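Engineer: Here is the input, now give the coordinates:
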Amino acid sequence: MTTRSPSGTFAATVSDASLLSVAAQVAQDARPGSPALLSQRAFDRHVAAHRDAYPGVPTARAICMRLNSSNRDYLGWTALLVAALAGGLARQNMLVKASRIYAETELTDELIHFALQVVANELGADTFTSPDYDRACDRLRSSDRGRYLGPLLPKGSQLLTRFHRWSEVLAIGGLKPPPKVNHVSQQPRLTVLQSMELYLVHQGSLPSEGELLWFSREAGYAQTDHHTLDGHRMTWADHLAKLRARWEAMGRWCPSRLPVVRTRVRNPLPEGGIPGVPPRIKGRWQDPDECARDLLAYWDTLPPRKEPTQTGFRRWDAPHASPSSFEQHGGFVVIRDLARALRDERESRLH
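Structural biologist: Residues are numbered from 1 along each chain as shown. Predicted coordinates:
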């Protein structure tokens, strides 16, 4: 049986520990020779056929969902069943790993205030990010005080299900919001005219708009937007005419038109930059691994099995890289795959 909770979801009347006991009993009854191989479908059939003996027991899929509701690493049906059959310490460890004790704690303002103050004392800081909070909680749970503090330290992802922004969570604890970091682009910036002149010198022809964009990326600089002249929007032909007039005024030859498409050649740029372009300042986000670690810190705040999105990462209330800085490394998807590899490597070390 289930009852309707105030939030509109269905609350099961059977505890998690009882669910594991029932799973073990059903597996032994339905498949006595090899109970650990009982499928979810066979479990559901057996429970449905003996509903009087198992009142309030949900489906196998619902059991997996309950025991994974606040767990970062998904616990499959077979793993749950093996722990249930083993009983004793193995079953208790499964419940602890599923983190149900933290999910079932009511998130009152008093509890949140207490948890934030505990973490603030642990870190010796009056503000911190959501990943900092989770790392501090993990250390506290693994300490001798963990069995007492554990139920009183909800995860950062749980707190963010009640509040939209991490700064709102910190306000409950009377803490300062995390500092905002303005990641200003450290690329040198050139006007469109300067960029076109560099292209003409190094490529030997007039550029199309797309070719000039390619050139600026390869050379490592950004273009400022100058799309108006005397209050009128400039077309690409206007930019070319302006370049031509400038070079003729200096007594320099300038091509009269763009080269035919099939005759265009992209000459490789010399290593170490090109003359006329200021040296690019290497910042933190020029390193793709650093970007991946930053994205992974955001990923750790999400519910289990939820993939990070560019929009969600941009809205994350913590100092982090701008998603636009990922373009130099191939885009958000490339950095997400690097973050996934880092997460898999981390999990392999833990196991």
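Engineer: contacting residues around the spatially most central residue of the chain?
Structural biologist: By CA atoms, centre = their mean, the chain has its centre lying nearest to residue 299, at 3.2 Å. Residue 299 makes contact with 308, 339, 343, according to CB atoms under 8 Å, 6 or more residues apart in numbering. (Each C-beta comes from the backbone N, C-alpha and C, glycine too.)
Engineer: Surely residue 206 is in a strand?
Structural biologist: No - counting by DSSP: H, G, I helix; E, B strand; the rest coil, residue 206 is not found in a strand; it is coil.
Engineer: tell me the contacts of it?
Structural biologist: Applying CB under 8 Å, 6+ apart, the residues near residue 206 are 196, 199-200, 240, 243, 254-255, 257-259.
Engineer: Tell me the buried residues within those.
Structural biologist: 196, 199-200, 240, 243 (16 or more other CB atoms under 10 Å).
Engineer: circling back to that earlier point, please convert the contacts of residue 206 to a markdown table, extending it with pLDDT.
Structural biologist: Formatted as a markdown table, the contacts of residue 206 follow (pLDDT from 0 to 100):
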| residue | pLDDT |
| --- | --- |
| 196 | 88 |
| 199 | 86 |
| 200 | 85 |
| 240 | 88 |
| 243 | 90 |
| 254 | 87 |
| 255 | 85 |
| 257 | 82 |
| 258 | 82 |
| 259 | 78 |
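Engineer: Give me the subset of these that lies in helices.
Structural biologist: 196, 199-200, 240, 243 (DSSP state H).
Engineer: hmm, which two among those residues are most spread apart?
Structural biologist: Pairwise distances across these (CB to CB) peak at 11.3 Å, for the pair 199 and 240.
Engineer: hang on, the earlier thing: any chance of the contacts of residue 206 in JSON lines, plus distance to residue 32?
Structural biologist: Shown next, in JSON lines, are the contacts of residue 206 (distance: CB to CB, whole Å):
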{"residue": "196", "distance to residue 32": "80"}
{"residue": "199", "distance to residue 32": "77"}
{"residue": "200", "distance to residue 32": "83"}
{"residue": "240", "distance to residue 32": "83"}
{"residue": "243", "distance to residue 32": "85"}
{"residue": "254", "distance to residue 32": "89"}
{"residue": "255", "distance to residue 32": "86"}
{"residue": "257", "distance to residue 32": "85"}
{"residue": "258", "distance to residue 32": "80"}
{"residue": "259", "distance to residue 32": "80"}
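Engineer: Return the member of those nearest to residue 348.
Structural biologist: Closest to residue 348, out of all of the contacts of residue 206 and judged by CB to CB, is residue 199, at 47.1 Å.
Engineer: Go ahead and confirm that closest one touches residue 213.
Structural biologist: No - with contact defined as CB atoms under 8 Å, residue 199 does not reach residue 213; the gap is 10.4 Å.
Engineer: which helices and strands does whichever strand or helix holds residue 314 pack with?
Structural biologist: Assigned by DSSP states H and E, residue 314 falls within helix 310-315. With contacts taken as 3 or more CB pairs under 8 Å, 6 or more residues apart in numbering; DSSP states H and E, helix 310-315 sits against helix 288-299.
Engineer: from the middle of its chain, how far away would the helix it packs on be?
Structural biologist: Offset of helix 288-299 from its chain centre (CA atoms, centre = their mean, to the nearest Å): 8 Å.
Engineer: Pull out the buried residues from it.
Structural biologist: Under 16+ other CB under 10 Å, the buried positions of helix 288-299 are 291-292, 294-299.
Engineer: got it, and stretch 42-52?
Structural biologist: Residues 43-44, 46-47 are the ones in stretch 42-52 that count as buried (16+ other CB under 10 Å).
Engineer: Next, work out how far apart residue 140 and residue 204 are.
Structural biologist: 65 Å (CB to CB, to the nearest Å).
Engineer: now do residue 37
Structural biologist: 71 Å.
Engineer: Quickly find the element holding the closest residue to residue 171 other than its chain neighbours.
Structural biologist: Nearest residue to residue 171, sequence neighbours excluded (CB to CB, 6 or more residues apart in numbering): residue 177, at 7.6 Å. For residue 177, there is no enclosing helix or strand under DSSP H and E.
Engineer: Please verify my assumption that residue 177 contacts residue 128.
Structural biologist: No - Residue 177 lies out of contact with residue 128 (CB under 8 Å); the separation is 10.5 Å.
Engineer: Next, count neighbours for residue 320.
Structural biologist: 20 (other CB atoms under 10 Å).
Engineer: How is the chain divided into domains?
Structural biologist: Residue ranges for each domain of the chain read 2-101, 109-172, 189-263, 284-350, as given by automatic domain parsing.
Engineer: Mean pLDDT lowest where, among the ones you listed?
Structural biologist: The stretch with the lowest mean pLDDT among the domains of the chain is domain 2-101, at a mean of 74.
Engineer: And that domain, how far out from the chain middle?
Structural biologist: 30 Å.
Engineer: Also stretch 155-173?
Structural biologist: That offset, for stretch 155-173, works out to 17 Å (CA atoms, centre = their mean).
Engineer: pull the CA atoms of it into PDB?
Structural biologist: The C-alpha trace of stretch 155-173 is given here as PDB (Å, rounded to 0.1, in the frame of the first residue of the first chain):
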ATOM      1  CA  LYS A 155      23.900  16.600   0.700                       C
ATOM      2  CA  GLY A 156      24.300  19.800  -1.300                       C
ATOM      3  CA  SER A 157      22.100  18.400  -4.100                       C
ATOM      4  CA  GLN A 158      19.300  17.900  -1.600                       C
ATOM      5  CA  LEU A 159      19.600  21.500  -0.400                       C
ATOM      6  CA  LEU A 160      19.500  22.700  -4.000                       C
ATOM      7  CA  THR A 161      16.200  20.900  -4.500                       C
ATOM      8  CA  ARG A 162      14.600  23.300  -2.100                       C
ATOM      9  CA  PHE A 163      16.500  26.500  -3.100                       C
ATOM     10  CA  HIS A 164      17.200  27.700  -6.600                       C
ATOM     11  CA  ARG A 165      20.600  29.200  -5.800                       C
ATOM     12  CA  TRP A 166      23.400  28.200  -3.500                       C
ATOM     13  CA  SER A 167      23.500  31.800  -2.100                       C
ATOM     14  CA  GLU A 168      20.000  31.300  -0.800                       C
ATOM     15  CA  VAL A 169      21.200  28.100   1.100                       C
ATOM     16  CA  LEU A 170      24.000  30.000   2.700                       C
ATOM     17  CA  ALA A 171      21.700  32.800   3.800                       C
ATOM     18  CA  ILE A 172      19.800  30.300   5.900                       C
ATOM     19  CA  GLY A 173      23.100  29.700   7.800                       C
END
